[in-house]
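>>> Provided below are the primary sequence and the corresponding predicted coordinates.
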Amino acid sequence: MISLGLKSFRHGIHPPEAKDETSGLAIRQFPFAPLLIVPLVQHLGKPSLPLVREGETVVRGQRLARPDGFMSVSMHAPASGTVKSIGPTPSISGRMVPAVFLEPQPGSTQEVMEGTPCPLASATPEEIVAAIQDAGIVGLGGAGFPTHAKLRIPPERHVDTLIINGAECEPYLTTDHRVMLEQRDDVFTGIRYLLKVTGAERAIVALEANKPDAAQHLRSGLPGDLSASVEVLRVKYPQGAEKMLISALLGREVPSGGLPLDVHALCVNVATTAEIGRLLPHGRGIQERVITITGPAVQHKGNYRIPIGTPLRFLLGEVGVEEDVTRVFLGGPMMGAAAPSLDIAITKGTSGVVAFDATRAERSHRTVYPCIRCGYCLDACPMRLDPAQLGSLARSQEYARMADEFHLMDCFECGSCSFVCPSHIPLVQQFRFAKAAVRKAGAHG
Amino acid sequence: MLTGVAALAGLTLVLASLLVLANRTLYVAEDPRIDLVEDMLPHVNCGACGFPGCRPFAEALVAGEAAPGKCTVGSEAERAYIADFLGVDVGSEEKRVARLACAGGSNVARNHARYDGLPSCRAAAQVAGGGKGCFWGCLGLADCEAACDFDAIRMDAHELPVVDEEACTACGDCVDACPKDLFSLRPVSRRVWVACSSLLAGDEMLEDCQVGCTACGRCAMDAPESVRMQGNLPLVDPARRPNRDAIQRCPTGAIVWLDPEVGPVKGPAATKIIRKGALHDAPT
């Protein structure tokens, strides 16, 4: 692909994309599982407070839980049915979290309940932020940060550019790609809401050069009265990280430990934007999301609109995964997490499921060799840290020094250093470990 | 030549007198017993006494703010010697030991996923909890064994840490090291121990571990004055005398009697575990 002259950030890597198998497949509806598990923690922040009781009948789209404080969001019923129980369920974080177990009614029409609309023309910015919290919207890219919390901008801060993140640099995933192709008008409506909330002068929809059809589709439908543009970036990982995206588009560098707000920018994922545009005019909440189900072990690869709370075991059965599946990632293979159990449910933050069979999943290189100081990791690190030095400090457990002198806390665990390391040193895992140790030490005193 | 020697000698004289002056005026009088008492302490700086190390503890001892009995690391004779030297009462501090609230070794507890990475519990716990079927259970990668300065923790054949009560000083390093918070420091006299932390109950719990607490409540029924159920686990009242009745009818052996001679004893009703090898992973 000719990508000369296209913008990008410094450093980064080029992992195999593996997107071709699903990028051309239209979004299809996924069936309801016999039992849906809706965790009450699908976001960063406090668990939501359940509003339903065991045995209660709920309608699809009805609120199941309300936010508990500012960093919390609502949850909505993914299907009409009966609440079987409320109890603990395993989550991808490795902790047990409270969840609502919902049994969909087989004969139901599964009509979605309408709520109180939040009209674009008359709603104030505060009302829109409250509506976003009520709709249970969190960052659909994977981090699960509550979107309304991001949008509550302190009055002394000023945002000039709203960045709609459609980079989707993670290998295998094509959800944002399909959303841009199939939910173009929802994306534009979402941008209008977000521009009104943030007061930004312009919006930029950013995507990578491997999605030319989406770029063309968005450009051709861009309404004249919307101050938005579509920017195509060079294909590189991790371009979807907001700090990389701001650097690629605006040439501004977010200061260490700072937020995009510090450089007058705000990033929102394109699927999140589309959900805002789709849900707010109806006053509905998130009860399903688009995910990519792919990987060598999957027979029916594709992009699906899947009810929140679908258990992984049911999902893999439906898409025809063979018995010898050995590794399942929630999210992409670079920044996603390996599932520790098949009883985990799909949450709002799950952008994809990638399954590998036994032969493909075996790591080809198990031996870890010493660092040979080749410097590949320095060239790869998008935060321009020194992973080699950090790695050797991690070995000697000098965690405080890693944080104080080598900016360990700026690492966002993209995995580029581990990917390029010829000695197969598990750098990211060491850094994650070190970051936890630093945080623990900080909490103690 | 001569001027140089004279100049240096003069300079030396001036600086030396300054030092002598400083030593006189800035001298801090310190109780000489602190050094002596510190020498009598075990010098391991473990912190079990509640002070940051042996020196601060020695200062507290000399100041009369702590009793020598607080140091549980040294021998009885050493404590008596210090008490005798300072002319104070030894003070009684019951020896505490680290206890593990899990019995799910590899022969009785299932894994749901295989962890493949840095061989450390804390690293494994960050990767979606480590892959053990029971989310509360011991991961068996021996962070506690590595953290223990007294060689009081050894991993057994089923990847479960075993605490040597003689060697344990209750310094708390294993408590900090365990990512699942399974260790706690308990007085040795508390003989009834619940070796499970799972909040699940019944068959749901038994699916992943054969020796966990099913929350059947028999222990609380048999020893109502000292055991009660809370959050699907028995809670043993530390103020009451340990009652051996509590373990008699436990179907899984999750509640044990820690005998000073023979170690943990399960009740007669507990399922016998004869498996030597590892339990198979759960089918996917």
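Now that the structure is in, tell me what you want to look at.
>>> burial count for the closest residue in space to A:Phe145 that isn't next to it in sequence?
Closest residue to A:Phe145 apart from its sequence neighbours, by CB to CB, 6 or more residues apart in numbering or on different chains: A:Gly139 at 4.6 Å. No exception for glycine: its C-beta is placed from N, CA and C like everyone else's. Residues lying near A:Gly139 (other CB atoms under 10 Å in any protein chain shown) number 24.
>>> now do the same contact list for A:Gly139.
A:Gly139 makes contact with A:145-147, A:150, A:268-269, A:272, A:349, according to CB atoms under 8 Å, 6 or more residues apart in numbering or on different chains.
>>> please apply the same query to A:Ala241.
Here A:Ala241 is in contact with A:382, A:412, A:414 (criterion: CB under 8 Å, 6+ apart).
>>> what count of nearby residues applies to residue 242?
No chain in the question, so chain A it is. A:Glu242, neighbours per other CB under 10 Å, totals 22.
>>> not quite, I wanted chain B
By the measure other CB under 10 Å, the count of residues near B:Pro242 is 19.
>>> so for it, what's the pLDDT?
Listed pLDDT for B:Pro242 reads 86.
>>> pull the contacting residues for it.
B:189-192, B:226, B:236, B:257.
>>> measure it to chain A for me?
30 Å (CB to the nearest CB, to the nearest Å).
>>> in three-state terms, label that residue for me.
coil (DSSP: H, G, I helix; E, B strand; the rest coil).
>>> how about the residues of chain A near chain B?
Contacts of chain A with chain B, taken as CB under 8 Å from any CB of the partner chain, map to A:88, A:90, A:92-96, A:323, A:325, A:337-342, A:363, A:426, A:429-430, A:432-433, A:436-437.
>>> can you flag the buried ones in those?
Buried by 16 or more other CB atoms under 10 Å in any protein chain shown: A:88, A:90, A:92-94, A:96, A:325, A:337-342, A:426, A:429-430, A:432-433, A:436-437, out of the residues of chain A next to chain B.
>>> from these, which land in helices?
Among these, the ones falling in helices (DSSP state H) are A:429-430, A:432-433, A:436-437.
>>> mind checking pLDDT for residue 147?
Let's take chain A. For A:Thr147, the model assigns a pLDDT of 93.
>>> my question was about chain B
Per-residue pLDDT puts B:Ala147 at 92.
>>> same question for A:Val319.
Per-residue confidence (pLDDT) for A:Val319: 91.
>>> so what's it up against?
Counting by CB under 8 Å, 6+ apart, A:Val319 has contacts A:293, A:298-302.
>>> nearest to chain B among the residues you listed?
A:Val298 (14.3 Å; CB to the nearest CB).
>>> any idea which element that closest one lies in?
Using DSSP states H and E, A:Val298 sits within no helix or strand.
>>> that one is in contact with A:Val321, isn't it?
Yes. With contacts counted by CB atoms under 8 Å, A:Val298 reaches A:Val321, the gap being 5.8 Å.
>>> overlap in contacts, these two.
Counting by CB under 8 Å, 6+ apart, the residues touching both A:Val298 and A:Val321 are A:Ala355.
>>> close enough to count as contact, A:Glu168 and A:Thr174?
Yes. Counting by CB under 8 Å, A:Glu168 touches A:Thr174, with 7.2 Å between them.
>>> show me the contacts for residue 254.
In the absence of a named chain, chain A is used. Contact analysis of A:Val254 by CB under 8 Å, 6+ apart lists A:242-243, A:246-247, A:260, A:262-263.
>>> wait, chain B was what I had in mind.
B:Ala254 touches B:103, B:194-196, B:211-214, counting by CB under 8 Å, 6+ apart.
>>> please name the nearest non-neighbouring residue to it.
Closest residue in space to B:Ala254, ignoring its immediate chain neighbours: B:Cys213 at 3.9 Å, by CB to CB, 6+ apart.
>>> now the one you found: how far from B:Lys266?
Here the criterion is CB to CB, to the nearest Å. By it, B:Cys213 lies 13 Å from B:Lys266.
>>> ok, the closest residue to A:Phe419 other than its chain neighbours - contacts?
The shortest distance from A:Phe419 to any non-neighbouring residue, by CB to CB, 6+ apart, is to A:Ile13 (5.6 Å). Taking CB under 8 Å, 6+ apart as the criterion, A:Ile13 is in contact with A:236-237, A:380, A:416, A:419-420.
>>> chain B: which of those is nearest?
Using CB to the nearest CB, the contacts of A:Ile13 come closest to chain B at A:Phe419, 15.2 Å.
>>> save the contacts of A:Ile13 as JSON lines, and put in secondary structure and neighbour count too.
Listed next are the contacts of A:Ile13 as JSON lines, based on DSSP: H, G, I helix; E, B strand; the rest coil; neighbours: other CB atoms under 10 Å in any protein chain shown:
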{"residue": "A:Lys236", "secondary structure": "coil", "neighbour count": "24"}
{"residue": "A:Tyr237", "secondary structure": "strand", "neighbour count": "26"}
{"residue": "A:Ala380", "secondary structure": "helix", "neighbour count": "22"}
{"residue": "A:Ser416", "secondary structure": "helix", "neighbour count": "26"}
{"residue": "A:Phe419", "secondary structure": "helix", "neighbour count": "17"}
{"residue": "A:Val420", "secondary structure": "helix", "neighbour count": "20"}
